[in-house]
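*Asks:* the following comprises the amino acid sequence and a computationally predicted model.
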Amino acid sequence: MYRVLITDNLSPAGLEILNNTEGIEVDVRSGLSPEEVREALKEADGIIIRSATKLTPELLEGQPRLKVIVRAGVGVDNIDLPAATREGIVVMNTPAGNTISTAEHAVAMMMALSRNIAPAAAGMKEGKWDRKKYTGTQLAGKTIGVIGLGRIGLAVAARAQGLEMKVVGFDPFLSTEKAAELGIGLYREVDDVVKQADYLTVHTPLTDETRDMLDAARLAKAKKGVRIINCARGGIVNENDLADAIESGHVAGAALDVFTKEPPENRRLVELPQVLTTPHLGASTDEAQELVAVEAADLIATYLTKNEIRHAINMAPISGAEMESMKLYLDLAYRLGLTVAQMNRKGGIKKAKLDFRGEAASKNIKLMTSAFSAGMLESALAEKVNIVNAEMTARERGIQFEDSSSEDSKSFSTLISATLETDSGDVTAAGTIFGNEFLRLVRLGEFQMESYLDGNLLVYRHLDVPGLIGYIGTICGKHNVNIANMALGRAKKEPGGDSVAVLNLDSAPSDEVIQEIAGHEHVQGVELLRLPPAGAPLPWLGN
Ligand SMILES: NC(=O)C1=CN([C@@H]2O[C@H](COP(=O)(O)OP(=O)(O)OC[C@H]3O[C@@H](n4cnc5c(N)ncnc54)[C@H](O)[C@@H]3O)[C@@H](O)[C@H]2O)C=CC1
Ligand SMILES: O=C(O)C(=O)COP(=O)(O)O
């Protein structure tokens, strides 16, 4: 049973989906302290959050059960993405469900700000009738500068055009052609937009690049009397600089839905009469909440029960069907990672070279590389390593990756070869898939063979002389270790040279057995490799 923790207010439509999904149980909590979230996460396979729950490194570290975080909404700045990735946790969001509602809120805020709706309404409730005090400004004919022309920014632009405003904007990822087609004057510098706008609205994510994008210096470049709207994230507009600019009279007013700290502890902006504020309501409509909750529930359920990855922030997407078709390939790559890592007991790994041949060449190479890395690092690291964090973890340790692929696979329908370049030489293993079912080891170093790729593999290098197989068989028999399969590989085709043998053993041999085998004059080295049993589910997949 997979447990999904929900710590923020989620529409009942999402809960209903989860409650009706077999294999999923839901744990709805509210008002948890960070410490309580940390504790609750220990029992959770996934969590759905909105903007209130902050998933910091302290909460995400040491959570072996947690596999997936779904943000029922857009902004993921309340999730520490590097920490989630390092911990092997997939992070997903619901990019489109609240676009229209948030755009409508930004436009509503702009209109309300222009016509002093909030203070006028408050005054009337107090019995006043202030007509002169609340003379506003008309929007038609004014210029709105939209910074960040993604989903919400473009929806705001379209609505502003409907209000007969001139729209200019800045977004490094929007093409000039597309902007022209939409009737938006696109500029390549933020300042060019800032200088000509009567209204400036921001719709970017909060990143290191966008933090303080509208600061004192930028605001000073704006027209006197400019009005600022922020329905994206607190901190994109510097709060103290904005308050200063309003108090000085350079900025006429601001409409803010979001704050650096929510609820805001610094009340300076909230208290200013020229500032209209709402408590992060952009996405708070029945329609948007239903859409994001349904999508979030669907994302988490299909990930946990079908390994399908959509809208992931820290991973490439992969459909349930593709994941299913990749399972054997991922298993092969993972087992080769385990194999070469165990064959390399001494050398610091510098590079991992992977070669994908035949059918494997047409599969998702990035995913197979991640599966290989997960196997390679599994025995070495205490932390959880999986396809989300394996490559990152390996690169953090200075291990480079190189891959090659070719449809030409010589005698195998599929062949994956892995070579570790280490300080003390190269280690190579190659494997294949037989009959769409069985994984086989077909090469170790320069030796070709055919061995099972599961359970206990006793590998020994030796001189190809008569009598050795009998000697090893006797030792195993004496210690009650059953040999399930034996594969021999010769460096040269003729007898008498260097050889390797791989014994698939039904139980792990004791040190005594290994020592006895290693003691033979023609045996040059013995390794015991431990691999998962045949057909064991991949440890880091949901099922
Ligand atoms: N107030 C609220 O309740 C809500 C707030 N939001 C906020 O709105 C933001 C935007 O949402 P969407 O439009 O759905 O996201 P989006 O990803 O569709 O658009 C973001 C746009 O910002 C642009 N961008 C990134 N860095 C930029 C930079 N340095 N300068 C200019 N443009 C830059 C991107 O190219 C992209 O086009 C979200 O990140 C979220 O923080 C979203 C939903 C609700
Ligand atoms: O989707 C977003 O980025 C939002 O800011 C909406 O936040 P919320 O889910 O309403 O807490």
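*Replies:* Now that the structure is in, tell me what you want to look at. Numbers count the residues shown, from 1 in each chain. Ligands and ions are numbered 1, 2, ... in the order given.

*Asks:* so which elements touch the helix or strand bottoming out on mean pLDDT in the chain?
*Replies:* Counting by mean pLDDT, DSSP states H and E, the weakest-scoring helix or strand in the chain turns out to be helix 390-396, with a mean of 84. Using 3 or more C-beta pairs under 8 Å, 6 or more residues apart in numbering; DSSP states H and E as the contact test, the elements touching helix 390-396 are helix 81-86, helix 365-378, strand 400-406. For every residue, glycine as well, the C-beta is placed using N, CA and C.

*Asks:* ok, residues contacting it?
*Replies:* With contact meaning C-beta atoms under 8 Å, 6 or more residues apart in numbering, helix 390-396 is reached by 85-86, 88, 352, 369-374, 376-377, 381, 383, 385, 401.

*Asks:* just the buried residues of those.
*Replies:* 85-86, 88, 352, 369-374, 376-377, 385, 401 (16 or more other C-beta atoms under 10 Å).

*Asks:* tell me the one of those nearest M323?
*Replies:* Nearest to M323 among these: A371, at 11.3 Å, using C-beta to C-beta.

*Asks:* ok, that closest one - contacts?
*Replies:* A371 neighbours (C-beta under 8 Å, 6+ apart): 329-331, 333-334, 337, 387, 390, 538.

*Asks:* excluding chain neighbours, what is closest to L439?
*Replies:* L453 (4.3 Å; C-beta to C-beta, 6 or more residues apart in numbering).

*Asks:* quick one, strands of the stretch 351-500 of the chain?
*Replies:* 400-406, 414-422, 425-434, 438-444, 447-452, 456-463, 483-490, 498-505 (DSSP state E, counting those that start in this stretch).

*Asks:* which one of these lies closest to S248?
*Replies:* Closest approach to S248 among those (C-beta to C-beta): strand 400-406, 54.1 Å.

*Asks:* relative orientation of the longest helix anywhere in the chain and strand 414-422 in degrees?
*Replies:* Using DSSP state H, we find that the single longest helix of the chain is helix 320-343. Relative orientation of helix 320-343 versus strand 414-422 (axes from the mean of the first three to the mean of the last three C-alpha atoms, to 10 degrees): 40 degrees.

*Asks:* related to what we said a few turns ago, what comes up buried for the least confident helix or strand of the chain?
*Replies:* Along helix 390-396, these residues count as buried under the neighbour rule (16+ other C-beta under 10 Å): 390-394.

*Asks:* redo these as a markdown table? Include distance to ligand 1.
*Replies:* Output for the buried residues of helix 390-396, formatted as a markdown table (distance: C-beta to the nearest ligand atom, whole Å):
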| residue | distance to ligand 1 |
| --- | --- |
| A390 | 27 |
| E391 | 24 |
| M392 | 22 |
| T393 | 27 |
| A394 | 29 |
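
*Asks:* which element follows the helix or strand hosting V26 toward the C-terminus?
*Replies:* Using DSSP states H and E, the element containing V26 is strand 24-28. Next helix or strand after strand 24-28 toward the C-terminus (DSSP H and E): helix 34-41.

*Asks:* what is the mean pLDDT for that following helix?
*Replies:* Averaging pLDDT along helix 34-41 yields 98.

*Asks:* having no further points to raise, I will conclude here.
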